[in-house]
Every structure is written in C-alpha cells, then in structure tokens.
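Visitor: Take a look and give me a structure for this.
(4 chains)
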2 protein chains.
Amino acid sequence: MTSKPSDSIQKSAVPKSDAVYRILKRAILDQAFSAGTKLPEDSIGERLGVSRTIVRQVLARLNGEGLVELRPNKGACVSHPSLEDGHNIFAVRRALEILVVDSLIGKLTAPMIRELEAHVDSEDRARLTNSSASIQLAGEFHVLLAQLTGNAILSRYVTELVSRSSMILSLYGRPHSSDCAVSEHRELIAALARNDREKACALMGHHIEAITSRALLTSSSENDLSDLLAAYAREEGL
Amino acid sequence: MTSKPSDSIQKSAVPKSDAVYRILKRAILDQAFSAGTKLPEDSIGERLGVSRTIVRQVLARLNGEGLVELRPNKGACVSHPSLEDGHNIFAVRRALEILVVDSLIGKLTAPMIRELEAHVDSEDRARLTNSSASIQLAGEFHVLLAQLTGNAILSRYVTELVSRSSMILSLYGRPHSSDCAVSEHRELIAALARNDREKACALMGHHIEAITSRALLTSSSENDLSDLLAAYAREEGL
DNA sequence: TCATAGCAATGTGGATACAATATTGACTTT
DNA sequence: AAAGTCAATATTGTATCCACATTGCTATGA
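Guide: Numbers count the residues shown, from 1 in each chain, chains lettered A, B, ... in the order given. Sure thing, here's the model as predicted:
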C-alpha cells in the first residue's frame, strides 16, 4: 500500500546509462569486441534500444577509464594499449595494491576474512570448470580487497587498473596459463589474517610482479603498428 | 609555408568542451564556487555561451575526477569531500608520488632537471607576490614530476589527486600558511639529480606527510552540514 | 595506366525540443 | 494556527535534428 506502482519500476537509479555502461564494459573485457573494433554510436544505440546520447555518455566514461579510445571526429574504438602502457599500468597497480594491503593491516574483521575466503573458494571452483569466469573472479578478488579498505578513491583506481590489466592480459598474455595463482591469494589472506604487515605487503608485491611477468613475457614486436609494418616492409625489401 | 591556412583555425582540437572544462575546473579549484554550490546546466551554459550538452559533458568529467557531485535528478554541485576523503586522498597520493620519484631515478636528463628547477624558481617568485598563484604552482610541480615519468596513467592519477588535494586544503587547511614548502621541492630535485633513490623517496614521503598534516590539522567539526547547523543552533539557544 | 580532384555516404559534434522528476509555494482543512 | 496536500515552476534526463568532418569511390585528365 505504501508503495506506489511506480516504485516497482527501478528507473531513478541511474537507469539506462549505467546498464549500457555495464554491458559495454563486460563486452570489452570479455573480448566480445577485439581491440581496435570501431564503436559507432548509432549502431550500438540502435542495438541496445537507446539513443546516441546515452551511448556517447558511456563511451566518454569508458574513455576516461582507458577502455575505449576516442578520436575526435573519427569515432570511438576499443582501446589497444601498447606494451609500454602495460608496464605502466602494472607499475601503478603494484604501488596501489601494496597500499591496499598496508591499509588493511589491523582493520580486517572476522566476517571480512570469511568473505575473502569465500571468494577465493569460488575462484577455486571456477578454475577447473569455467576458465573465462575464472579470470573475472581473479580480478574481482583484488577489487574486493580494495573495497575493504573503505578508501573510495583507492578502490576506484584499483578497479580501473584491474580492468585495464585484463585488457593487457588478453592482448599480450600467454593463453591464460594461470592468470592469478589462487594459492597466492590464499597466502595473502593468511598473512592479512595474522596482521603480518611485512609479509602481506611483500606477498602482494610479488603477486603483482608475477602477474606482470606472466602478462608481459611476450615482449615480441606485436604491439606497435610501426613494428608490425616494419616486419612486412623488410620482407618486401622496403 | 609548411602550414596551411586552415592550421590556424584550431577548431577540431576539442574546441568547446575542453575550454569549458578548464574554466569550470579553475573556477572550482580557485574557490570561485564554494563547496556545495549548485551548478545548474542552464545557467552555466548560458553564461559561457554553450549549450547544456557541453556543460553536461564537462560536469560528468569533473564528477569522474571527484570535483563535482552528481545527484540523479537533483543536479550537480561542487564536491564537498569529507575529512576522511582527505585522509584517503593523501594516502593514495603518497603511494603514487613515491612511485613517481622511484620511476624517475636514473631517467632524468639534464634538460629535465633544468625544467624542474625553473619551475621551482617561478614558485619562489610567486611565493611573495601572488599567493593564489603560489598554490597553483606548487601543485603543478607535482604534476610536472609525474609527467616526466612518461607513465600516462600515473600522470593522470597524480593530476587528479593534486586537484582534489587542493580542494581538501581549501576546505580544511589552515589559511595557506605554506602549502608546499619550496625548500622541500628543491631538496627533492637535488636528490633526484644525484640519483639517490633512497633519499628521494624518503623526501617525497615526508613531503606528502607534511602537506597532509598541514591540510588536515583542523580536525574540527566544520565539515558536515549538521555540525555547521549545530554551531549556529547553539548560538541561538536551540 | 596512374594520379588527382570532385562527390557521395557514413558518422561524429553540437543544439534544441520534449518528457520526467523534484522542489517550492500557496491553499485548504482540521 | 499548523500541518498536510496539491499545483506551479524549475531543472534534469533523453531523444531527435542539423551541421560539419572524414572516408571511400568515381570520373576525368595527363
């Protein structure tokens, strides 16, 4: 009685833009669009049943997060970060995630630790069955850690960096051998649970470095257009 | 000769939105709008001679940077970060700026060092004459350092954090006694110039901590609306 | 045959018009 | 007189429309 019929329609809570945002973001991170794919506003809008206005907002937002590139008068396309971008992203990520761990020391309650362990459990379950969900969950573990700090901006940055790391991994990583070692996550939780600051920070540092080397091992030429062209040009004697 | 006449017309290079962006950002950071000021799209657009479309884009962008708050169906207003936000921002800033210094070790060329010293010189000049420009320049020093790393995302984050720090300082800081000690900047450059990683990182850490304590010393009540009202209410005996 | 200029098509940049929602003030009722 | 309700206003959310830039094709000329 107290609720008007309009209450059932959850429209006021950032209705369309946010939905489209999530859709596009997932699509990009799941590699439904490969890097460099053009993202015309009207096609997407028509497909999703919204106007170009919404799509443009979303593209601008995704551009801010580095997931799409926005060339003036030439349209948006899925971002294609370079290997150097990859190194930069992981460098920042390492610094921030160590800060996350450092901030968490002495502040984790028992329920929080249980939440972390539950997450790692689901990571373990997905590891064997669903490999695409596994990548997703591995990233979410880091996001969850960041959120537990209660530091909003730190959480936002880590979320963004995890997304971009995912792109880097899909571009340059080996065919996801073991994207985030679940055992490393467990060790980290253990160190956090006993408030071992030194160990926890060190673990996180090594963990990120491990991801970095797994992701960026292929330091071959396949990152830059000019490099690619150079290879072909040599073959043609140019 | 090399430049065509059309080159002089700089219209395609992000014409209006960027200009409006800079205007609003400066206005907010210079405290032309005090925290909490409503930012109606109509008025701003009319005042600046652009349509709501542009203003909306800019507000969204500034919202992404934490400078304006964007309440659905209730309009935008200048962000009013809490003291806790302040602590969080400075914590992240400390971690990232140490990374900046760490990344810079062994990579600074002589021209770069000269550029840094020139900047600090202008800081010194402005320190006595223009106090508002002094704050601006002190922040730009940190942005400049970040840009010299060549790490785009690190540079972006530091820029954002410096802006938000400026807001925090204007809200909670003491009447800018000495926002960024220029001497500390000089010491930092010296350590960087001789590639003393330990010293440089330590200096930057202390420098940020110094700013933090200068900014957040006033842990008084003047951050929340209810607290503000409480003060007035007491005076009126309510 | 190839290069270049013109033209058409696609798609973005921006502005205006319309619909939905919140806020404010006045009015009615108890 | 106070409180609650309703209507008017103002402001945001969204869609459509026009203008311009870019791209690819075609035709013409050397």
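
Visitor: Chain B versus the residue nearest the centre of chain A, what's the distance?
Guide: Residue closest to the mean C-alpha point of chain A, counted by CA atoms, centre = their mean, is A:S163 at 1.4 Å. Applying CB to the nearest CB, to the nearest Å, the value for A:S163 to chain B is 12 Å. Glycine gets a C-beta too; all of them are placed from N, C-alpha and C.

Visitor: Could I get the CA-only coordinates of whichever helix or strand that residue is part of as PDB?
Guide: Using DSSP states H and E, A:S163 sits within helix A:152-172. Extracted in PDB, the C-alpha atoms of helix A:152-172 (Å, rounded to 0.1, in the frame of the first residue of the first chain):
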ATOM      1  CA  ALA A 152      36.800   5.200  -2.000                       C
ATOM      2  CA  ILE A 153      39.400   6.600  -4.400                       C
ATOM      3  CA  LEU A 154      41.800   3.800  -3.800                       C
ATOM      4  CA  SER A 155      39.000   1.400  -4.600                       C
ATOM      5  CA  ARG A 156      38.100   3.300  -7.800                       C
ATOM      6  CA  TYR A 157      41.700   3.300  -9.000                       C
ATOM      7  CA  VAL A 158      42.300  -0.300  -8.300                       C
ATOM      8  CA  THR A 159      39.000  -1.300 -10.100                       C
ATOM      9  CA  GLU A 160      40.100   0.700 -13.100                       C
ATOM     10  CA  LEU A 161      43.600  -0.800 -13.100                       C
ATOM     11  CA  VAL A 162      42.200  -4.300 -12.800                       C
ATOM     12  CA  SER A 163      40.000  -3.700 -15.800                       C
ATOM     13  CA  ARG A 164      42.900  -2.400 -17.900                       C
ATOM     14  CA  SER A 165      45.200  -5.200 -16.700                       C
ATOM     15  CA  SER A 166      42.600  -7.600 -18.000                       C
ATOM     16  CA  MET A 167      42.900  -6.000 -21.400                       C
ATOM     17  CA  ILE A 168      46.600  -6.100 -21.300                       C
ATOM     18  CA  LEU A 169      46.500  -9.800 -20.400                       C
ATOM     19  CA  SER A 170      44.200 -10.600 -23.200                       C
ATOM     20  CA  LEU A 171      46.400  -8.700 -25.700                       C
ATOM     21  CA  TYR A 172      49.800  -9.800 -24.600                       C
END
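
Visitor: need the next SSE after that helix, C-terminal direction.
Guide: Taking DSSP H and E, what comes next after helix A:152-172 is helix A:182-193.

Visitor: hmm, who's touching that following helix?
Guide: The contact list for helix A:182-193 (CB atoms under 8 Å, 6 or more residues apart in numbering or on different chains) reads A:101, A:104-105, A:108, A:113, A:116-117, A:120, A:123-124, A:127, A:138, A:141, A:199-200, A:203-204, A:206-207, A:210.

Visitor: can you give me the helices for chain A?
Guide: For chain A, applying DSSP state H gives helices covering A:16-29, A:41-48, A:52-64, A:83-104, A:110-129, A:131-148, A:152-172, A:182-193, A:197-216, A:225-235.

Visitor: Quick one: name the residues of chain A near DNA strand D.
Guide: A:P15, A:K16, A:S17, A:V50, A:S51, A:R52, A:T53, A:I54, A:N73, A:K74 (CB under 7 Å from any atom of the strand).

Visitor: For the second one, give me its contacts.
Guide: When contacts are counted by CB under 8 Å, 6+ apart, A:K16 is found next to A:V50, A:I54.

Visitor: what about the closest residue in space to A:A181 that isn't next to it in sequence, distance to chain B?
Guide: Leaving aside its sequence neighbours, A:A181 sits nearest to A:A210 (CB to CB, 6 or more residues apart in numbering or on different chains; 6.9 Å). Noted for A:A210: a distance of 19 Å to chain B, by CB to the nearest CB.

Visitor: Okay, domains of chain A per the record?
Guide: Listed by automatic domain parsing, the domain ranges of chain A are A:14-80+A:220-236, A:83-212.

Visitor: count of residues packed around the nearest residue to A:P40 once chain neighbours are set aside?
Guide: Leaving aside its sequence neighbours, A:P40 sits nearest to A:G75 (CB to CB, 6+ apart; 6.2 Å). A:G75 has 14 neighbouring residues, counting by other CB atoms under 10 Å in any protein chain shown.

Visitor: For A:G75, give the beta-bridge partners.
Guide: Legend: beta-bridge partners of A:G75 under DSSP bridges are A:R71.

Visitor: returning to that earlier point: tilt between the helix holding A:S163 and helix B:83-104?
Guide: Angle of helix A:152-172 versus helix B:83-104, following axes from the mean of the first three to the mean of the last three CA atoms, to 10 degrees, is 40 degrees.

Visitor: Can you give me every residue that contacts the residue nearest to A:L169 when sequence neighbours are not counted?
Guide: Distances taken as CB to CB, 6+ apart place A:A215 nearest to A:L169, at 4.8 Å, with adjacent residues excluded. In this structure, A:A215 makes contact with A:G86, A:F90, A:S165, A:I168, A:L169, A:Y172, A:G173, judged by CB under 8 Å, 6+ apart.

Visitor: quick one: low-confidence ranges for chain A?
Guide: Across chain A, residues meeting the criterion (pLDDT under 70) sit at A:1-14, A:175-180, A:217-238.

Visitor: Now the residue in chain A positioned nearest to DNA strand D: closest residue in space, sequence neighbours ignored.
Guide: Chain A approaches DNA strand D most closely through A:S51 (3.2 Å), counting by CB to the nearest atom of the strand. Leaving aside its sequence neighbours, A:S51 sits nearest to A:G45 (CB to CB, 6+ apart; 5.6 Å).
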